[in-house]
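Participant: Structure, please.
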Amino acid sequence: MKCKTHKALAKRVRVTKSGKVTKRYCGQNHFNSRDPGKITRKKRRDTAMARTHNKAFQTLLPYSKIK
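Facilitator: Residues are numbered from 1 along each chain as shown. Below you'll find the predicted structure:
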């Protein structure tokens, strides 16, 4: 049987060339002005997902090179 990519996860994460899984920082849609400056700066860049999730990501994204 053909392995299918889980499209909901594929739209939310990106796999880097070295095999790490990155995602956008949460809570960026609205009400950002009330956040402290430290959080606002944190929201500007992507964050790496924990390596403990890699086994689940490999089953959901079978054609990506997750290490």
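
Participant: how about the residue nearest the centre of the chain, phi and psi?
Facilitator: For the chain, the residue nearest the mean C-alpha position is Lys23 (2.4 Å; Cα atoms, centre = their mean). Main-chain dihedrals, Lys23, degrees, to the nearest 10: phi -140, psi 170.

Participant: dump the residue contacts of the nearest residue to it once chain neighbours are set aside.
Facilitator: What sits nearest to Lys23 in space, not counting adjacent residues and going by Cβ to Cβ, 6 or more residues apart in numbering, is Val13, at 5.0 Å. For every residue, glycine as well, the C-beta is placed using N, CA and C. By Cβ atoms under 8 Å, 6 or more residues apart in numbering, Val13 lies in contact with Val21, Thr22, Lys23, Met49, Phe57, Leu61.

Participant: helix/strand/coil for the second one?
Facilitator: Going back to what we said before, that points to Thr22. strand (DSSP: H, G, I helix; E, B strand; the rest coil).

Participant: Pull up the gap between it and Arg44, please.
Facilitator: To Arg44, Thr22 is 14 Å away according to Cβ to Cβ, to the nearest Å.

Participant: So for the two, which residue has more residues nearby?
Facilitator: Thr22 (13 against 8; other Cβ atoms under 10 Å).

Participant: Not including adjacent chain positions, what is the nearest residue to that one?
Facilitator: Nearest non-adjacent residue to Thr22, counting by Cβ to Cβ, 6+ apart: Asp46, 4.5 Å away.

Participant: So for the one you found, what's the pLDDT?
Facilitator: Model confidence at Asp46, given as pLDDT, is 94.
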